[in-house]
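Asks: sequence first, predicted coordinates after that:
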Amino acid sequence: MTVSGPLATGSPLPPGPAAPAPGERAAPVTATFVRLKLAVLRNGVRQSRGRTVSWCIGVGLAMLYALGNGAGMIALRGSVYAPAAAVTMAAVLAIGWSVMPLFFFGGDDTLDPTRLAMLPLRPRPLIVALLTSSMIGAGPLFTLLVGTGAVVAVAHGVAGTVVAVPAVILLLAICAALSRGVAAANTRLLTSRKGRDLALLSGLIVAVGAQLVNLALSSLSSHHDLHRVTSVTSVLRWIPPASAVDAVQSVSDGAYGRAAAQLALAVIVLAVVLRWWYTTLHRLMMSPDSSTLQPAPDSTERKGSSRPPLLARLLPARWAASRTATVTERQFRYVARDPRLRASWATGLAVGLLLPLVAVVQHGSVYQCLWTAGLLGLQMYNQFGMDNSAFWTIAATITSRQDAEAELRGRALMLSAVALPYVTVVTCATALLLGKTGALPEVLGMGLAFLGALISTGAYASVRFPYTVAQDNAFGNAAPGNGSLVAFNALGGSVVASAFCLPVLGLDLALHLTGHHALLWTVLPIGAVYALALSVVGLRFTAPRMFERLPEILSAVSGP
């Protein structure tokens, strides 16, 4: 093989272009990242007509909400509570930007700096480019509109108007830098399995957090004590970026020294956040990924060691070897490993606790604890949908009606092992906090009866009306085309289960109407026995039908 060219003759290579200075490279890199961000947004919208319509509707609603908030802030102009509202709004925006990457990291590829690790980019121009591209999108526009309304509400005079401009710029810059810094610091976590599980639970965390905020606002409005809010904002006004917004109010009041200190504090915090982001980004792009490192030998040996199942250590050998115990153990393992199941259970447990908490805060009825039993009992519906095509491994081992009944019984026992103590604890705590311990036996008896009815009807609905669940669906909703089955299972099953509870409810009403309040405690044992009877009868009634419909169930849950 012959070699030609400069390498063959030994002549030196032609000199390449001189490396540009860091300041000269920042501008083209920034322009490239801005074009890339615009291309990402444009291509994401053009993927399908449905995505385009949903994006337009979502952005439109967000902008309307931002305009409404901004107009509401401006309407407070001249009010004594305007500074407190402006400072609180700035703090809420900063918190939202800081936690947003933890929940929506996978929805924005530009938040992952490891995708740029192979490019010849220095951290300093990369930070400038990423920070500039972060100002493009619906989120920055939302922050700009709300932040503008906040500073307009407190700006008075020429000096206040002049300071309002850098205040909004500092607010937006701190929020964007904080968001990028949090994303860079948690990249390793958010790209792992734990991070994906956290993203699946984002909707639940946001929903529960919104309800807690709603409870706090209701508590404040019920006492008509807005002075408590102003006392909190007296501390928030010195925490950036809220300090930049409050600097506008300080200038309007003539406190120029205080305004200068607040703006300087905001600038210092922005510099600290940028420095933290720079250090994190440099370490992230220079250090090796843990996924490329070989595990230690001792850890491999520990992973290979096997331990007996939990039920085998707790139950007698005869019971632990049964199919029912095996199915129960398997269902617990599925919940521990499948993010969709964890998200579904976390939703039921969190909302089941939140609704009684609302009753405690608002001094409602102790009967709101029945929601806890209902939400957990609905976990029995569509038992085979999460298995998808892997259900064939279960169907292949069911050779008789007894095997089908053991399969259903194991799944029901797993649900009962979690729901029974949870419903009991939540009901007892709610009754104690509301001071209605006398109603505890009847409420708990009704809750247990409702739970047993849902287990019975849920087993039958899982066999008679199964549907598949999308693999990438977080909260266990049906795949496209099965929405009617979801509504039928949830609504129809709840109505039928409520009808099954009419005997226990009739007993409770009869004791109240006849004045036999001393016998209301009997609702608890009767409700517990009735729940057990409903569960046993329902499982035995459903088992033969499950054995006969195994091919239909497998076809339904396998999906497209």
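Replies: Cool, got the structure. Numbering: from 1, shown residues only.
Asks: switch to C-alpha atoms for all contacts and neighbour counts from now on
Replies: Fine.
Asks: in the stretch 401-550 of the chain, which spans are helices?
Replies: 401-434, 440-464, 483-487, 493-500, 502-513, 523-548, 550-558 (DSSP state H, counting those that start in this stretch).
Asks: try the stretch 1-150 of the chain
Replies: 6-9, 22-45, 49-75, 82-104, 123-133, 138-154.
Asks: for the stretch 201-350 of the chain, same thing?
Replies: Under DSSP H, counting those that start in this stretch, the stretch 201-350 of the chain gives helices at 202-223, 227-236, 242-252, 256-286, 297-304, 310-314, 317-320, 323-337, 339-361.
Asks: ok, of these, where does mean pLDDT dip lowest?
Replies: If those are sorted by mean pLDDT, helix 297-304 sits at the bottom with a mean of 45.
Asks: can you pull the contacts of A167?
Replies: With contacts defined as CA atoms under 8 Å, 6 or more residues apart in numbering, A167 is in contact with V151, A244, V245, A247, V248, L263.
Asks: if I look at it, how far off is A412?
Replies: 58 Å (CA to CA, to the nearest Å).
Asks: cool, L172 as well?
Replies: 52 Å.
Asks: with A404 instead?
Replies: Distance from A404 to A412, by CA to CA: 12 Å.
Asks: residue ranges in the chain under the pLDDT threshold?
Replies: Applying pLDDT under 70 to the chain flags residues 1-27, 44, 47-48, 50-51, 102-115, 117-118, 188-232, 286-321, 470-485, 559-560.
Asks: any chance of the contacts of A167 in JSON lines, plus distance to L370?
Replies: Below are the contacts of A167 laid out as JSON lines (distance: CA to CA, whole Å):
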{"residue": "V151", "distance to L370": "47"}
{"residue": "A244", "distance to L370": "48"}
{"residue": "V245", "distance to L370": "46"}
{"residue": "A247", "distance to L370": "50"}
{"residue": "V248", "distance to L370": "51"}
{"residue": "L263", "distance to L370": "52"}
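Asks: ok, those residues vs V182, which is closest?
Replies: A244 (21.1 Å; CA to CA).
Asks: please parse this structure into its domains.
Replies: Domain ranges of the chain: 38-187+224-287, 314-558, per automatic domain parsing.
Asks: centre of the chain to the shortest one, how far?
Replies: A distance of 22 Å separates the C-alpha centroid of domain 38-187+224-287 from that of its chain, computed with CA atoms, centre = their mean, to the nearest Å.
Asks: enumerate every residue touching the residue nearest to A449 when sequence neighbours are not counted.
Replies: Counting by CA to CA, 6 or more residues apart in numbering, A449 lies nearest to A531, which is 4.5 Å off, once chain neighbours are set aside. A531 makes contacts with L448, A449, F450, L451, G452, A453, as judged by CA under 8 Å, 6+ apart.
Asks: in TSV: these, plus neighbour count and distance to V80.
Replies: Below are the contacts of A531 laid out as TSV (neighbours: other CA atoms under 10 Å; distance: CA to CA, whole Å):
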residue	neighbour count	distance to V80
L448	30	52
A449	34	54
F450	30	51
L451	34	52
G452	32	56
A453	28	56
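Asks: identify the farthest-apart pair in those.
Replies: Between any two of the contacts of A531 (CA to CA), the greatest distance is 8.6 Å, for L448 and A453.
Asks: mind checking the helices of the stretch 1-150 of the chain for the one nearest to Q368?
Replies: That would be helix 82-104 among the helices of the stretch 1-150 of the chain, by CA to CA, at 30.4 Å.
Asks: from the contact counts, what lies against that closest one?
Replies: Counting contacts by 3 or more CA pairs under 8 Å, 6 or more residues apart in numbering; DSSP states H and E, helix 82-104 packs against helix 49-75, helix 138-154, helix 157-185, helix 193-200, helix 227-236, helix 242-252.
Asks: compute the inter-axis angle for it and helix 157-185.
Replies: Angle of helix 82-104 versus helix 157-185, following axes from the mean of the first three to the mean of the last three CA atoms, to 10 degrees, is 20 degrees.
Asks: what are the buried residues along helix 82-104?
Replies: Using 16 or more other CA atoms under 10 Å as the test for burial, helix 82-104 gives 82-91, 93-94, 97-98, 100-104.
Asks: stretch 148-166 too?
Replies: Under 16+ other CA under 10 Å, the buried positions of stretch 148-166 are 148-156, 160-161, 163-164.
Asks: list the contacts of it.
Replies: 69-78, 82-83, 85-87, 89-90, 167-168, 245-249, 251-252.
Asks: re earlier: the more surrounded of L172 and A412?
Replies: Remark: of L172 and A412, A412 carries more neighbours, 27 against 24, as counted by other CA atoms under 10 Å.
Asks: just to check, that one is in contact with I455?
Replies: Yes - with contacts counted by CA atoms under 8 Å, A412 reaches I455, the gap being 6.7 Å.
Asks: intersection of neighbour lists for the two?
Replies: Joint contacts of A412 and I455 (CA under 8 Å, 6+ apart) are M380.
Asks: and stretch 136-148, C-alpha only, in CSV?
Replies: Output of stretch 136-148 as CSV, limited to C-alpha atoms (Å, rounded to 0.1, in the frame of the first residue of the first chain):
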residue,chain,number,x,y,z
ILE,A,136,-37.0,31.4,24.0
GLY,A,137,-40.2,29.6,24.6
ALA,A,138,-43.6,29.8,26.3
GLY,A,139,-42.1,29.6,29.8
PRO,A,140,-39.9,32.7,29.5
LEU,A,141,-42.8,34.6,27.9
PHE,A,142,-45.1,33.6,30.7
THR,A,143,-42.5,34.8,33.3
LEU,A,144,-42.0,38.0,31.4
LEU,A,145,-45.7,38.8,31.3
VAL,A,146,-46.2,38.0,35.0
GLY,A,147,-43.0,39.7,36.1
THR,A,148,-43.9,42.8,34.1
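Asks: buried residues in it, which are they?
Replies: P140, L141, F142, T143, L144, L145, V146, G147, T148.
Asks: so what's the third one closest to, chain neighbours aside?
Replies: The reference is to F142. Leaving aside its sequence neighbours, F142 sits nearest to A66 (CA to CA, 6+ apart; 5.6 Å).
Asks: show me what contacts that neighbour?
Replies: So A66 contacts F142, T143, L145, V146 (CA under 8 Å, 6+ apart).
Asks: which one of these is nearest to L550?
Replies: Of all those, L550 sits closest to F142, with 52.0 Å by CA to CA.
Asks: tally of neighbours for F332?
Replies: Neighbours of F332 using other CA under 10 Å come to 15.
Asks: not counting its neighbours along the chain, what's nearest it?
Replies: M414 (6.9 Å).
Asks: what about that neighbour, how many residues close to it?
Replies: Around M414 there are 19 residues (other CA under 10 Å).
Asks: now do L67
Replies: L67: 16 neighbours (other CA under 10 Å).
Asks: my read: it touches V146, true?
Replies: Yes - in this structure, L67 is within contact of V146 by CA under 8 Å, at 7.1 Å.
Asks: save the contacts of A531 as CSV, and put in distance to R180 too.
Replies: Formatted as CSV, these follow (distance: CA to CA, whole Å):
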residue, distance to R180
L448, 48
A449, 51
F450, 48
L451, 46
G452, 49
A453, 50
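Asks: okay, the helices of the stretch 1-150 of the chain in CSV with distance to F391 next?
Replies: Below are the helices of the stretch 1-150 of the chain laid out as CSV (distance: least, CA to CA, whole Å):
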stretch, distance to F391
helix 6-9, 63
helix 22-45, 35
helix 49-75, 32
helix 82-104, 31
helix 123-133, 46
helix 138-154, 43
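Asks: V463: which of the ones you listed is closest?
Replies: So among these, helix 49-75 is nearest, using CA to CA, at 33.4 Å.
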